[in-house]
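*Asks:* coords please:
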Amino acid sequence: GATLDVMTSQPPELPDLVFTANAAAIVQRRAFLSWFAKPERQAEHVLFGDALRKAGCNVDLHFVDARIPFEGAGDALLLEGAGLVLGWGFRTEHAAADALVQRLHGLRVRAVRLGNPHFYHLDTCFCPLSDGSALWYPDAFGPDDRRVLSGLLGPSRGIAVTADEANEFACNAVEAEGRVFAHRWSVRLQRILAARGFEAIATDLSEFIKAGGAAKCLTLRLD
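*Replies:* Numbers count the residues shown, from 1 in each chain. Alright, predicted model coming up:
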């Protein structure tokens, strides 16, 4: 159900290049290029910019020019009916939300602070799905931000995952045509997703998890 473009590998000094979700946030047909918080990754933005241009994206260099730490679709996710949810606190600064508001028209940006260092990107603990629901791990957020997300999701759209499920990267999932891919699924989540019309598919990503990412971290949707 998807067309997959594979980016050319690079020298070993850029081992985190595999986590392409962090390259940019694709919003309103524009690629808002990341500026990485960690010096080890900052050389990646040039390579990602070139790859996104070749893919036909309109690449916005605002964040690079401003040197605002911002890590793309690792921390900026669209939730149907709510706008763009931006996670900040570990790799992305709150100033990125203000910069996005200035450059996006008619789209609300809601910033939530990440509070658990084991879940340092939003996409490790929050996964919007195409039916408007979202997998999420409440304990990755402080009480105030947990309430914000609970309000956005309401009583029927939030699928809260357990600590064990979150540590298996259940929220770091990729959906394509009704199939949801992740490293591992619990029987409980398989049943919940099936009731919503989704097929949960597991694929072993344990080698990537050693570096802190799984299915979502390894992909960047361009649509």
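*Asks:* how far is the helix or strand bottoming out on mean pLDDT in the chain from where the chain is centred?
*Replies:* For the chain, counting by mean pLDDT, DSSP states H and E, helix 62-66 ranks last in confidence among helices and strands (a mean of 76). On the basis of Cα atoms, centre = their mean, to the nearest Å, helix 62-66 sits 20 Å off its chain's mean C-alpha point.
*Asks:* swap in stretch 183-192?
*Replies:* Distance, centroid of stretch 183-192 to centroid of chain: 20 Å (Cα atoms, centre = their mean).
*Asks:* name the residues that touch it?
*Replies:* Applying Cβ atoms under 8 Å, 6 or more residues apart in numbering, the contact partners of stretch 183-192 are 135, 159, 161-162, 164-165, 168-170, 172, 193, 200-206, 209, 214-215. All C-beta atoms are positioned from the backbone trio N, CA, C, and that covers glycine.
*Asks:* what subset of the residues you listed is buried?
*Replies:* Those of these that meet the buried threshold are 135, 159, 161, 165, 168-170, 172, 193, 200, 205, 209, 214-215, by 16 or more other Cβ atoms under 10 Å.
*Asks:* buried residues, the least confident helix or strand of the chain. List them.
*Replies:* For helix 62-66, by 16+ other Cβ under 10 Å, it's 62, 63, 64.
*Asks:* top helix in this protein by residue count?
*Replies:* Longest helix in the chain, counting residues (DSSP state H): helix 143-157.
*Asks:* avg pLDDT for that one?
*Replies:* On average, the pLDDT along helix 143-157 is 96.
*Asks:* helices of this protein, start to end?
*Replies:* 44-54, 62-66, 95-103, 143-157, 163-167, 187-195, 206-209.
*Asks:* can you list the residue ranges for strands in this protein?
*Replies:* Secondary structure of the chain by DSSP state E: the strands cover 24-27, 30-33, 58-60, 76-79, 83-88, 109-113, 126-128, 134-136, 158-160, 174-176, 179-182, 199-202.
*Asks:* in the chain, where is pLDDT below threshold?
*Replies:* Nowhere does the chain drop to pLDDT under 70.
*Asks:* list the contacts of the residue nearest to residue 88 when sequence neighbours are not counted.
*Replies:* Distances taken as Cβ to Cβ, 6 or more residues apart in numbering put residue 94 closest to residue 88, at 4.8 Å, once the chain neighbours are dropped. Residue 94 makes contact with 88, 111, 113, according to Cβ under 8 Å, 6+ apart.
*Asks:* can you list those residues in JSON lines and add neighbour count?
*Replies:* Shown next, in JSON lines, are the contacts of residue 94 (neighbours: other Cβ atoms under 10 Å):
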{"residue": "88", "neighbour count": "22"}
{"residue": "111", "neighbour count": "23"}
{"residue": "113", "neighbour count": "15"}
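*Asks:* any chance of a markdown table for the residues you listed, columns distance to residue 120?
*Replies:* Output for those, formatted as a markdown table (distance: Cβ to Cβ, whole Å):
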| residue | distance to residue 120 |
| --- | --- |
| 88 | 11 |
| 111 | 16 |
| 113 | 12 |
